[in-house]
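Undergrad: Below is the sequence, then the predicted model.
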Amino acid sequence: MNALFGLFLLIYLMTLITNLLIFFLVLTDYHLHNPMYFFLANLAFLDMPYSSVTAPKMLYDLVTKSRSISIPACKAQVFFYLCFACSELFLLLAMSYDDRYIAICRPLHYIAICRPLHYKLMMSWSVCARMASMAWVVGCSLSLVYTLLLLRLSFCRTTSIHNFFCDLPHLYQITYTDPFVNMVVLFLASATFGLGIILLTFLPYVYILSTILRIHSKTGKRKAFSTCTSHITVVFIFYGSLIFIYLVPSSSNMFILNKLFTVISALINPLLNPLIYSLRNKDLMEALKRSYYHLKLIHVCC
C-alpha cells in the first residue's frame, strides 16, 4: 500500500504541476497567444480538476485504510468525473474542428496544413471561445443527465464497489433497482457521442494525409505530420480507455482490464496529455526557457 500511495501521489503531483505549467506558459507568453495554444491551455485547465475528482480520495483511503464513501458523495463524484471526462471529449473534438466548417469536415489541423493563409481568419478568438464554452456546456449537460438518472436507483449502504472510485458501470452492478433504463441510456449515448466523435475526428485526416503526400519536401512532410501526431496520440489513448470502460461488456474475465483502463482514464491520461503535447512542441519548450530566464533575471536583480 505504501508503494501504491507513493506512486499515485507522484502521478497526481506531476499531473497538477505539468498542467499548471502549461496553463501558466500559455497565459503569460504572448508567443503562445494563438488558437492552438488557447485550446491546449483549456485542456490543461480541465485535466487538473479531472484528476482531482478521484486522486485525493484514493490517496486518503490508502493512508487511512478507509474504504467508505457516502451515497451522496458517490453520486457527486460520478457527476464531476463524467462532467470533466465528457468536456474533454468535446474539447478534443473542438481542437480538431472549426465550428463554421464542421458540416464539411474541415479540421483545424487540415486548415493549418492545407489552408495556412486562411487559418487566422477562420479561427478568431470569439470562435475559439465559443468552441471551448460549448465543450464545457455539452459535457456538463450530459453528465447531469447521467447523474439525475441515478436518482431512480436505490443502493444498500453496506454494498462494496470493486473500484477505487464511483463510476456508472460499477454502480449499476450493485443497485437493487433494475438499472436497465440507465444502462440503455448510457450505452446509446456512449455509442452515439463516443463513436460519432471518433469518426468526426479521424475521418477528415484523410484530407490531411492526401495533402501531406503531395508535399515534395521530406522536411515539409515531417513538419506537417508533427502538427497533428500529438493530437492523434492523445485522442487514441483517451478514447480507447473510455470505449473499453463504457462499451465493452463487463465480465469476470474483463474485471482486471476494466480496472486498469479506469486507472488509465482517471489518473494516467491527465498526466500524459501535457507530456505528449509539451515534449513534442518546440514552442512550449522555448516558452519554458524564456520563463526560466526571466525568473533567473528577476532573482539576480533582487
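TA: Yes, it's here.
Undergrad: what sits against L4?
TA: L62 (C-beta atoms under 8 Å, 6 or more residues apart in numbering). (Glycine included, C-beta is placed from N, CA and C.)
Undergrad: what about A41, how many neighbours?
TA: A41: 20 surrounding residues under other C-beta atoms under 10 Å.
Undergrad: Let the chain start at 44 from now.
TA: In the new numbering, first residue 44, that becomes A84.
Undergrad: correct me, but it touches T71?
TA: No - contact status for A84 versus T71: not in contact, 10.6 Å apart, counting by C-beta atoms under 8 Å.
Undergrad: centroid residue for the chain?
TA: When C-alpha atoms, centre = their mean is applied to the chain, the residue found nearest the centroid is E131 (4.0 Å).
Undergrad: and that residue, what is it in contact with?
TA: The contact partners of E131, taken as C-beta under 8 Å, 6+ apart, are 86, 89-90, 93, 178, 182, 281.
Undergrad: ok, so of those, who is nearest F236?
TA: Nearest to F236 among the contacts of E131, counting by C-beta to C-beta, is G182 at 9.9 Å.
Undergrad: Now find how far off-centre the helix or strand containing the closest one is within its chain.
TA: Assigned by DSSP states H and E, G182 belongs to helix 168-192. Taking C-alpha atoms, centre = their mean, to the nearest Å, one finds the center of helix 168-192 at 13 Å from the center of the full chain.
Undergrad: helices or strands up against that helix?
TA: In this structure, helix 168-192 packs against helix 78-95, helix 114-137, helix 223-232, with contacts taken as 3 or more C-beta pairs under 8 Å, 6 or more residues apart in numbering; DSSP states H and E.
Undergrad: residues of that helix that come out buried?
TA: Using 16 or more other C-beta atoms under 10 Å as the burial criterion, the residues of helix 168-192 that qualify are 171, 174-175, 177-179, 181-183, 185-186, 189-190, 192.
Undergrad: ok, then the element right after it?
TA: Next along from helix 168-192, by DSSP H and E: helix 211-217.
Undergrad: Residues touching that next one, excluding its own?
TA: Residues contacting helix 211-217 (C-beta under 8 Å, 6+ apart): 117, 121, 125, 189, 193, 196, 198-199, 202-206, 222, 225-226, 229, 288-289, 293, 301.
Undergrad: got the CA positions of it in CSV?
TA: This file holds the C-alpha atoms of helix 211-217, laid out as CSV (Å, rounded to 0.1, in the frame of the first residue of the first chain):
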residue,chain,number,x,y,z
LEU,A,211,-21.6,4.3,-13.5
PRO,A,212,-20.9,0.7,-14.7
HIS,A,213,-20.0,-0.3,-11.1
LEU,A,214,-23.0,1.4,-9.6
TYR,A,215,-25.3,-0.4,-11.9
GLN,A,216,-23.9,-3.7,-10.7
ILE,A,217,-24.7,-3.0,-7.0
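Undergrad: For it, list every residue counted as buried.
TA: Buried residues in helix 211-217 (16+ other C-beta under 10 Å): 211-215.
Undergrad: And that helix, how far out from the chain middle?
TA: 23 Å.
Undergrad: Quick check: mean pLDDT of it?
TA: For helix 211-217, mean pLDDT is 82.
Undergrad: now stretch 182-193
TA: 90.
Undergrad: ok, now stretch 326-335?
TA: pLDDT averaged over stretch 326-335 gives 80.
Undergrad: And that stretch, what's buried?
TA: In stretch 326-335, counting by 16+ other C-beta under 10 Å, buried: 326-327, 330-331.
Undergrad: Looking at the residues you listed, which one is closest to N312?
TA: Out of the buried residues of stretch 326-335, the member with the shortest distance to N312 (by C-beta to C-beta) is L327, at 18.7 Å.
Undergrad: is it true that that closest one touches I65?
TA: Yes - distance between L327 and I65: 6.9 Å, which falls inside the contact criterion (C-beta under 8 Å).
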